[in-house]
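Asker: Just a sequence and a predicted model for now, questions to come.
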Amino acid sequence: MLVDGFVVVDVDPRNGGAVPDGMLSMGGFVVETGGGGWHIYFKAPDNVPLMTKHTKFPGIDFKSSGYVVGA
């Protein structure tokens, strides 16, 4: 799936990722990944630069371009 117009929070527990409190219920669409993690979909804000990683969230990637595996 093309991640155009979305932000996908990619939580990977194998790399230390954990879903932040309350985030699963905030996402518009949530998919459990094959590695036991989660893809949590949000509408991307218009004209806001987005980070792909943040040191506060190890094991979590923030994808706003490219592709992810869809449901």
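Answerer: Cool, the structure landed. Worth saying up front: this structure is predicted, and the values here are computed from it rather than measured.
Asker: okay, and the helix or strand of this protein with the least pLDDT?
Answerer: Ranked by mean pLDDT, DSSP states H and E, the helix or strand of the chain with the weakest confidence is helix 23-26, at a mean of 78.
Asker: That helix packs against which elements?
Answerer: When contacts are defined as 3 or more Cβ pairs under 8 Å, 6 or more residues apart in numbering; DSSP states H and E, helix 23-26 packs onto strand 38-43. No exception for glycine: its C-beta is placed from N, CA and C like everyone else's.
Asker: State the mean pLDDT of the strand it packs on.
Answerer: Across strand 38-43, pLDDT averages out at 90.
Asker: I'd like the distance from it to the chain centre, please.
Answerer: Relative to its chain's centre, strand 38-43 lies at 5 Å (Cα atoms, centre = their mean, to the nearest Å).
Asker: got the residue ranges for the strands in the protein?
Answerer: Taking DSSP state E as the test, the strands found in the chain are 6-11, 29-32, 38-43, 60-63.
Asker: Most remote residue from the middle of the protein, which is it?
Answerer: Largest separation from the mean C-alpha position in the chain: N47, at 18.7 Å (Cα atoms, centre = their mean).
Asker: Identify the residues contacting that one.
Answerer: Residues near N47 by Cβ atoms under 8 Å, 6 or more residues apart in numbering: none.
Asker: So L24 is in contact with G37, correct?
Answerer: No. Judged on Cβ atoms under 8 Å, L24 makes no contact with G37 at a distance of 11.8 Å.
Asker: Could you check which of those two has the larger neighbour count?
Answerer: When L24 and G37 are compared for neighbours, G37 comes out ahead with 21 against 13, by other Cβ atoms under 10 Å.
Asker: Report the separation between that one and L50.
Answerer: Going from G37 to L50 by Cβ to Cβ, to the nearest Å gives 19 Å.
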